[in-house]
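Student: need a structure here:
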Amino acid sequence: VASQYRLRTRFPKAVEAEAEKHHAPGGAERRGRLDLRDQLAFTIDPEDARDHDDALTVGRAGEGRWEVGIHIADVSHYVPAGSALDHEAELRGTSVYLPGGVVPMLPERLSADLCSLRPDCDRLVLSVLVVLDGHGGLHGVRFEEAVIRSRHRLHYGEVQEALEGRASLPAQLQEAIEAVMTLARALRARRRKVGALDLEVPEVKVWVDEQGRPLRIERRAHLESHELIEEFMLLANRCVGGEGARRSSGLLYRVHDAPAALKLAHLERMLRALGLPSPGDLSDPARALQSVLRVPLDPARRRLLHRLVLRSLARARYHARDSGHFGLATREYCHFTSPIRRYPDLHN
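Tutor: Model prediction:
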């Protein structure tokens, strides 16, 4: 794959040299930043995650309100604009994840170490601090350059077990997980209410041996713990996008056009032919597709329905001008939360 698509698998010496010059943040790097190292910060990722872009904190902010910190690795501190690291990251565009390995956007000194929010390590972050009520209403947001120290590296499976009462976490961590899950459910309900699509397309994991030969392929279950992180990443992206629009700061927006009428007509014919629920009146495409996606079906038919709806949608793209995001039913949306592995996030 790397050969076929001519992926840049080796870093130039100048890039490696720049990366090696950096070290763990000390007093000089922390100066002027909001110190959040005393807060209970945690990451939640796939069990085999190689880097950790984001962490969460949560605390009470008055009666019926919580302040949630969405902390994103401050990659720009180590990759200044115009540097050799920046030029190489722009050429690569993204990290490329392959079965059994990854072609990273940044050298491992940064991607797997200094920019990864590893437990018990001081890490520099850009923090989006939001105040939410129990219904997911946003009552305030501020942005800070900060330093955190993650206390726990969690994976989705163990968080799901803790939420279902099948496993236990330390009391303070359990309370924090339950609090952010309650808020995530409220945020998700609000997005659905305004017309966001709720697509479930299971992730497929390929296991390979040391020579890259496939051993097995498994479908990974979609867990509610995935939605916990997803909702706060979406919220952070919307908050940053809104702030960027107010400042006219030259963000790259993630835009998603409404589906073409011809594709929707083809989707309706396909669903009818397969005996699946069809949208019917397409005068309001978002509502029509939303209603179809809510129909209860057995797992196999549900997967097929969701995949067909996904194929009928336009492909999301990056653009300097915001034209809205159909699938999320929002405007002023950008990518900000994965600067280790996506160049648009680093740019923003």
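
Student: what ranges of this structure fall below the confidence cut-off?
Tutor: Counting by pLDDT under 70, the chain contains no low-confidence range.

Student: What is the top strand by length along it packed up against?
Tutor: Counting residues, the longest strand found in the chain (DSSP state E) is strand 138-155. Judged by 3 or more Cβ pairs under 8 Å, 6 or more residues apart in numbering; DSSP states H and E, strand 138-155 is in contact with strand 34-35, strand 41-45, strand 54-60, strand 65-73, strand 122-133, helix 224-247. To be clear about C-beta, it is placed using only N, CA and C from the backbone, and glycine gets the same treatment.

Student: how deep is residue 79 tucked in, by neighbour count?
Tutor: With neighbours defined by other Cβ atoms under 10 Å, the count for residue 79 comes to 27.

Student: where's it relative to residue 345, distance?
Tutor: Plainly put, residue 79 is 12 Å away from residue 345 if you go by Cβ to Cβ, to the nearest Å.

Student: ok, now which ones touch the nearest residue to residue 100 once chain neighbours are set aside?
Tutor: Closest residue to residue 100 apart from its sequence neighbours, by Cβ to Cβ, 6 or more residues apart in numbering: residue 208 at 4.4 Å. Neighbour list for residue 208: 99-100, 214-215 [criterion: Cβ atoms under 8 Å, 6 or more residues apart in numbering].

Student: Give me the angle between the longest strand of the chain and helix 224-247.
Tutor: Following axes from the mean of the first three to the mean of the last three Cα atoms, to 10 degrees, one obtains 140 degrees for the angle between strand 138-155 and helix 224-247.

Student: Of all the residues in strand 138-155, which ones are buried?
Tutor: Across strand 138-155, burial judged by 16 or more other Cβ atoms under 10 Å covers 141, 146-154.

Student: where's it relative to the chain centroid, distance-wise?
Tutor: 14 Å (Cα atoms, centre = their mean, to the nearest Å).

Student: And the strands in this structure, which stretches?
Tutor: Using DSSP E, strands in the chain cover 34-35, 41-45, 54-60, 65-73, 96-98, 101-103, 122-133, 138-155, 203-208, 214-220, 253-255, 317-319.

Student: Let me have those in JSON lines, extended by distance to residue 275.
Tutor: As requested, the strands of the chain are exported to JSON lines (distance: least, Cβ to Cβ, whole Å):
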{"stretch": "strand 34-35", "distance to residue 275": "56"}
{"stretch": "strand 41-45", "distance to residue 275": "38"}
{"stretch": "strand 54-60", "distance to residue 275": "41"}
{"stretch": "strand 65-73", "distance to residue 275": "43"}
{"stretch": "strand 96-98", "distance to residue 275": "36"}
{"stretch": "strand 101-103", "distance to residue 275": "41"}
{"stretch": "strand 122-133", "distance to residue 275": "42"}
{"stretch": "strand 138-155", "distance to residue 275": "38"}
{"stretch": "strand 203-208", "distance to residue 275": "25"}
{"stretch": "strand 214-220", "distance to residue 275": "23"}
{"stretch": "strand 253-255", "distance to residue 275": "35"}
{"stretch": "strand 317-319", "distance to residue 275": "34"}
